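Novice: need coordinates for the following:
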Amino acid sequence: MSRRRKVAFRGGAAAAGVALLLALAAVWSFAGPGPKARDGEVTAVVLERGAGVGRISETLKDAGVISSAGLFNLAARLTGSASQLKAGEYEIASGASMASVLADVRAGRVVRRLVTIPEGWTSGMVADALNREVVLTGDVAEPPEGSILPDSYEIQRGETREAVIRRMQAAHDEVMAELWPKRQPGLPYSTQAEAVTLASIVEKETSVASERPRVAAIFVNRLRKGMLLQTDPTIIYGLTKGRPLGRGIRASELAADSPWNSYKVAGLPPGPIANPGRASLEAVLNPPSTNELFFVADGTGGHAFAETYEEHQRNVARWRQIERERAGR
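Specialist: You can find the predicted model right below:
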């Protein structure tokens, strides 16, 4: 072999060696331990919706969870993951390999945060709950009463409280759009707003799911007969906007002139007194056919129902006896 060929061979071998070392270094950087968390055992990273692989790579590098944005970008493209990366919030363990970070983002292993709105909460309670969620941002105005659908909603770090409210309202509108066309004919209310108002009363009157249709039917029967609804939750809403009263209703409050006083004002109150769930909405839009007009607590968490005032008075007497016995304990 000539001297020139020997030099060329050695140069090629050296270049191949350097390339091999660089390849091994890249493999180690990708598969080996990643950077340590700057604070604690995990690092929270939010990948925005619509971000491409380049922006995602830079976000992860800036957060300190990968050592090289370029290598992450290249690996995502070579593995076919570039178009499959999922937005959301991730918690990356300290020292996690770039390979595991890529696998997590590709699989969408996001942090799931839920805010649960129980049936019968007022809109003020909903706003309070969202204001307590520290991962959300921005201010939120109290939404109109009855405009949201109680449910569990997934929220993301950095999402605005107003955006969450809009999703809750969209869910309510979707349910009403489904149920309203299927409503029973001849109901004593003609608008969706009136149906939501009655559903909110049903929601506040019973926590027993099986009783909702029966309670709804009683209020529908009363409206048809022109009877007063005589429901305590409407009075409480007029006093506290639905916050717990913390005491019994006073005789003066039952006698007070108020649009929310269903013991004096016939028909429905001015608007909803809470946010009803789907079951209560279904109950008032398709109530069962009954002759019942009265109900009172029965001491078990449910109610005793009656068609006549005389029967109702007997049920009330039993409930008063239960109250006296409980007070004497």
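
Novice: the protein: strands as residue ranges?
Specialist: Shown for the chain, the strands assigned by DSSP state E span residues 42-47, 88-93, 113-116, 152-155, 294-297, 303-306.

Novice: including mean neighbour count, could these go into TSV?
Specialist: The C-beta positions use only the backbone N, C-alpha and C, and glycine is treated the same way. Shown next, in TSV, are these (neighbours: other CB atoms under 10 Å):
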stretch	mean neighbour count
strand 42-47	18
strand 88-93	19
strand 113-116	13
strand 152-155	15
strand 294-297	19
strand 303-306	20
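
Novice: so who does residue 298 touch?
Specialist: 304, 315, 318, 319 (CB atoms under 8 Å, 6 or more residues apart in numbering).

Novice: check contacts around the last one.
Specialist: Yep, that's residue 319 we're talking about. Going by CB under 8 Å, 6+ apart, the list of residues near residue 319 reads 296, 297, 298, 299, 304.

Novice: let's go with 6 Å and repeat that
Specialist: 296, 297 (CB atoms under 6 Å, 6 or more residues apart in numbering).

Novice: what does the first one give?
Specialist: Counting by CB under 6 Å, 6+ apart, residue 304 makes contact with 296, 298, 315.

Novice: per-residue confidence for the residue nearest to the last one when sequence neighbours are not counted?
Specialist: What it means is residue 315. Distance criterion CB to CB, 6 or more residues apart in numbering; nearest residue to residue 315, sequence neighbours excluded, is residue 304 at 4.0 Å. Residue 304 is assigned 91 on the pLDDT scale.

Novice: burial measure for the closest residue to residue 255 other than its chain neighbours, as a count.
Specialist: Residue nearest to residue 255 in three dimensions, not counting chain neighbours: residue 264, with 7.5 Å by CB to CB, 6+ apart. Number of residues near residue 264 (other CB atoms under 10 Å) recorded here: 15.

Novice: do you know how far residue 264 is from residue 143?
Specialist: 29 Å (CB to CB, to the nearest Å).

Novice: got it, and residue 320?
Specialist: From residue 320 to residue 143 the distance is 39 Å (CB to CB).

Novice: the two: who's more crowded?
Specialist: Neighbour count, other CB under 10 Å: between residue 320 and residue 143, residue 143 has more, with 20 against 11.

Novice: OK, contacts around that one?
Specialist: Counted by CB under 6 Å, 6+ apart, residue 143 has contacts 123, 165.

Novice: one more time with 10 Å
Specialist: 123, 124, 126, 127, 130, 162, 165, 166, 168, 169, 172, 275 (CB atoms under 10 Å, 6 or more residues apart in numbering).

Novice: go on, residue 282?
Specialist: 175, 178, 179, 182, 183, 199, 212, 213, 216, 276.

Novice: try it again with 7 Å
Specialist: Residue 282 makes contacts with residue 179, as judged by CB atoms under 7 Å, 6 or more residues apart in numbering.

Novice: one more: residue 281?
Specialist: Residue 281 sits in contact with 175, 179, 195, 199, where contact means CB under 7 Å, 6+ apart.

Novice: of the residues you listed, closest to residue 290?
Specialist: Checking the contacts of residue 281 against residue 290 by CB to CB gives residue 199 as the nearest, at 17.5 Å.

Novice: okay, now the closest one: neighbour count?
Specialist: 30.

Novice: same deal with residue 40?
Specialist: If we define neighbours as other CB under 10 Å, then residue 40 has 8 of them.

Novice: could I get the pLDDT score of the residue lying closest to it once chain neighbours are set aside?
Specialist: Leaving aside its chain neighbours, residue 40 sits nearest to residue 94 (7.5 Å; criterion: CB to CB, 6+ apart). For residue 94, the pLDDT comes out at 93.

Novice: try residue 35
Specialist: For residue 35, the model assigns a pLDDT of 88.

Novice: from the contacts of residue 281, keep the buried residues only.
Specialist: Neighbour-count burial (16 or more other CB atoms under 10 Å) applied to those gives 175, 179, 195, 199.
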